[in-house]
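Colleague: Need a 3D model of the sequence below.
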Amino acid sequence: MRINDAVTGAVLLAFAIAMFAYARTLPAIPGQEYGAAVFPMLIATGLAGCGVVMIASGRRRWQGAVAWNDWARTHHAWVRLAVVIALVLAYILAAPILGFVPMSIVILLVFLLMMGVRWWIAAAVAFAATILIQQTFAGLLRVPLPLGLLGP
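Modeller: Okay, the predicted model is just below:
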């Protein structure tokens with residue numbers, strides 16, 4: 001399935017506007033020049049810019065809103081989509097109980113195996129990427145990730 005860039009850009013622009021509006025409601029951090037809203041607002045601004053560029057690009061090459069490619073008509077593509085949706089829902093439901101680290105390893109492992117990566121490489125990459133993400137967000141950026149089984 002190929003969705004015209006103008007349609008995707010309009011959705012992205014709407015999301016960016018909503019994200020920017022919500023970010024403005026985030027509380028300021030006492031004693032800090034920059035509050036919790038700065039990073040989401042920067043991301044929203046970048047997304048809005050990308051959305052505008054996509055709308056302009058899509059309008060120049062308009063051939064309809066949606067075009068279905070052959071791969072989108074296969075059973076395998078729909079199974080992969082269902083697996084992605086199921087894993088996102090599993091993370092939402094299970095991460096508070098199991099924690100970020102085990103859920104991230106499982107999700108990355110499943111994604112890599114679905115792409116045909118050998119199991120031992122997939123396991124090593126899933127473990128290394130999870131540790132890198134956890135250390136970056138929880139350690140450096142102080143983003144609270146669900147501890148689950150690893151918590152106190």
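
Colleague: The chain: strands as residue ranges?
Modeller: 2-3, 66-67 (DSSP state E).

Colleague: Comparing those strands, which yields the minimum mean pLDDT?
Modeller: Among the strands of the chain, strand 66-67 has the lowest mean pLDDT, at a mean of 64.

Colleague: Count residues in the vicinity of the nearest residue to Ile133 once chain neighbours are set aside, would you?
Modeller: Nearest residue to Ile133 in three dimensions, chain neighbours excluded: Ser104, at 6.6 Å (C-beta to C-beta, 6 or more residues apart in numbering). For the C-beta atoms, the positions are set from N, CA and C on the backbone; glycine is no exception. As a burial measure, Ser104 scores 20 neighbours (other C-beta atoms under 10 Å).

Colleague: How is this structure partitioned into domains?
Modeller: 2-70, 74-150 (automatic domain parsing).

Colleague: mean pLDDT for the ones you listed: which is lowest?
Modeller: domain 2-70 (a mean of 86).

Colleague: distance between the ends of it?
Modeller: 10 Å (C-alpha to C-alpha, to the nearest Å).

Colleague: And stretch 95-103, by the same measure?
Modeller: In stretch 95-103, first residue to last residue: 6 Å (C-alpha to C-alpha).

Colleague: what does stretch 23-36 give?
Modeller: Using C-alpha to C-alpha, the end-to-end distance of stretch 23-36 comes to 8 Å.

Colleague: same question, stretch 107-121
Modeller: 15 Å.

Colleague: who's in contact with that stretch?
Modeller: Outside of stretch 107-121, the residues within contact range by C-beta atoms under 8 Å, 6 or more residues apart in numbering are 80, 83-84, 87, 90-91, 122-123, 125-126, 129-130.

Colleague: Among the residues you listed, which pair sits farthest apart?
Modeller: Arg80 and Thr130 (21.3 Å; C-beta to C-beta).

Colleague: Those two: which has the busier surroundings?
Modeller: Neighbour totals were compared for Arg80 and Thr130, and Thr130 leads with 20 against 14 (other C-beta under 10 Å).

Colleague: Thank you kindly, that will do.
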